[in-house]
Structure formats: structure tokens, C-alpha cells
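>>> return a 3D structure for these sequence lines:
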Amino acid sequence: MGTAIVTIIVLFAALAFGLLHGTNSTLPDPSTVTTPQVIGSGLKFDYIVVIVMENKDRCPKIIVSCGGSASWMSSLAAGSFAASDSGELTNDKFTGLHPSLGNYLSLSSGTNFGCQGYDGGPQSNNCTNIAWQGTSIVNSIVAAGGTWKAYMEDKPTTPTDDCATGVSDSARYVVRHNPFEYLNSIRNTPSMCSRVVAAGHNATVLVSDLASTNTASNFMWLTPNNCHSMHDTGCGGTDAPGGVPGGDAFLKLVVGQIVNTTVFQNNRAAVFITFDEDSSSGPTPQSVYTVWASKASGIVKDAASVTSQFNHFSFVATIEQNWALSPITVATSGATPMFEAFD
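So this is what the prediction gives:
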């Protein structure tokens, strides 16, 4: 009998012995085999709209009872907005970073990729080159069978309304407030790049998409322009006056429309509003305004005032645990989700 034939017989005998006796078989134990998850009903919500505002402390900038001037946002935090249930996380410390970019990356990717103190565009220094090879929560959502879309107010729309036109600042749109531009897996994947679109003035495109579950996504992100986000003041024109009054009026209009859409009226949908960072550059981070709201009863605790400490990684952990997604970073795996704000 040839050597090759003997070898084959020995190999098959060893495999058979392993299958019968469980000794060192390379075949997987059926109990450990998993199939790809298809995103379905979330633990707390099935749809979410994320709105990120700019550079304001909770106190004394926003909440009226502690010196702030945002009257509508204060009423939303207190659960006094009749159109929805809403509650506030009063001790959200963002990430303690300045300026914007590291916070936007942390909110979307669960890490700042080393971009502390840096606000440049994609692939413009070492940390943004690291981010270019990174991933984000939307990658996880898509891998699990879910959908997402990011809406950028005042983002250019020519020649195409996708992320290819969002790489540079334009008027009141700035790329550092669009974290999805910083990832190669989004920028150079057409099916992902097409999900980063212009929001329309006062987020009209987002509101329109919420008219049906056929056009709404599971995860929707809104970056207002630099006037509506409170970043700039004295804006003039249709964005007047900017700053806290302008941002407060913007949210009153847009959130009021969002919670009255078909998707929010008939589904488990939530709005999450937060700020990228506080208004100081000091070493001790101040709490930023962070609120959850929902049209449907039994989702968000109305008038909740949650004092536990959270940060931007807590938000990503909330998304991951809501849809049973694997943590994308060590920071999100160790973060406490924001479920105290929910029924």
C-alpha cells in the first residue's frame, strides 16, 4: 500500500476517533456556533434620533433654574413638554475633552482615536489617520441588519448629496461636527457614504423621512448648523439670533415636529439630545444638557431627573445594549448605559 494512501487512512481514523470520543476535534461544538444577528426589536426603542448641540454647560447656560436661558429646553428636561415624555440626565460629563472632534468621535465610535486637542479634517494628522482605519456604532448596526442615516444641516449637496461633498467646511457646516467623514469604511463604501446627507434647513429632510418606517432608519443622527447648534451667535437671516436663544428655538421647532411624525406616533422611537462639550476649557468638566424624549408612553420616564454620572461612552453603550451589539471599544464595554432614563 502506498505511503499517501496510508496517510489518508490514518487521518480519517483520527477524525473518526475525535468525533466519537470528543478528543481534540477541530470541528466546532454546535452549542457554540452563532449566526449573524439581524437587528430587531430593541430593548428600549426601535428608532432613535440623536441631536448633538455645541459647547454649553447645563448650568449656568441652559437650565433656567440654575441661571440658564433656554426656556423650552428646560421645560423638556422637566417633562413639561406636553407632546412627549421626557427626562434629563443631570450629571453627563461628556468626555472632558476639548475641542469638538474628539467628542464627536467618542459619541459615534466609542473612542477619540487620540484626537485630544485637535480639530482638523479627515486624514490630516496622526490621530485622524488612526480614525480612518477605525469603526463606528453605525458599522455595528449595519452588520447586525439595521439601518442608519446621518443628517448634516447646511452640508453641500453638489455634485452629490452624500459624504463625498462633506469633507470640507462650507458656510455654517463644518466637517469636524460630522464624525462619519473620518472613517474609511464609510467614506469609501458607496452604500455607507450615501447615508450621510444634507438635513435641509430646520432638518426638513429628517422630518420627512420620519413620515414612514419605509424611509426612517433605526439610527438617525442630526448635526445642526453652527447657528442652530449654539456654536455661533449673532447669525442673522433665517438663523437669527444663534447662540442659546437660536438653539432653543430650533429644538422647539424640530423636536416638536419629530415627535409628531408617523414613526414617533406609532412606534417605539426616542430622541436623544446632548452637547459635545461644556463651554469652558478648564480641567474639570462641567455637566452638559442631556435629555431623552419619546412620544409613545412607557418608553422614557417622564420628568425623570437622573443623577448618576454618564459620558459619551455611556451613550454608545446604550445603543449597543439596546440592540445586543458587541462593544466596539473597551470604553463602551465598561460604560454604564443610560437605561435609568427609561421605563
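>>> element containing residue 128?
Using DSSP states H and E, residue 128 maps to helix 126-132.
>>> what does the helix or strand following that helix contact?
Next helix or strand after helix 126-132 toward the C-terminus (DSSP H and E): helix 137-143. If you take CB atoms under 8 Å, 6 or more residues apart in numbering as the criterion, helix 137-143 is touched by 36, 39, 108-110, 147-148, 150, 180, 183, 185-186, 192, 195, 218-219, 316, 319-320, 323, 325-326, 328. Quick note: C-beta positions are derived from backbone N, CA and C, even for glycine.
>>> returning to that earlier point: show me what the helix holding residue 128 is packed up against.
Judged by 3 or more CB pairs under 8 Å, 6 or more residues apart in numbering; DSSP states H and E, helix 126-132 is in contact with no other helix or strand.
>>> about what we covered before: what subset of the contacts of helix 137-143 is buried?
With neighbours counted by 16 or more other CB atoms under 10 Å, the contacts of helix 137-143 contain buried members at 39, 108-110, 148, 150, 180, 183, 185-186, 192, 195, 218-219, 316, 319-320, 323, 325, 328.
>>> OK, contacts around residue 330?
With CB under 8 Å, 6+ apart, residue 330 has no contacts at all.
>>> got a pLDDT number for it?
We note a pLDDT of 97 for residue 330 in this prediction.
>>> output stretch 297-314 as CSV, restricted to C-alpha atoms.
The C-alpha trace of stretch 297-314 is given here as CSV (Å, rounded to 0.1, in the frame of the first residue of the first chain):
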residue,chain,number,x,y,z
SER,A,297,-45.9,56.2,26.6
GLY,A,298,-43.9,53.6,28.6
ILE,A,299,-40.6,54.3,26.9
VAL,A,300,-38.9,57.3,28.6
LYS,A,301,-39.6,58.1,32.2
ASP,A,302,-41.5,61.4,32.2
ALA,A,303,-39.9,64.1,34.3
ALA,A,304,-37.0,61.9,35.3
SER,A,305,-34.0,63.6,36.9
VAL,A,306,-31.2,61.0,36.8
THR,A,307,-28.2,62.0,38.8
SER,A,308,-25.9,59.0,38.0
GLN,A,309,-22.8,60.1,36.1
PHE,A,310,-22.6,59.3,32.4
ASN,A,311,-20.4,60.3,29.5
HIS,A,312,-20.3,59.9,25.7
PHE,A,313,-19.2,56.3,26.0
SER,A,314,-22.4,55.7,28.0
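>>> check which residues of it are buried.
Buried residues in stretch 297-314 (16+ other CB under 10 Å): 299-302, 304, 306, 310-314.
>>> perfect, I'm done here.
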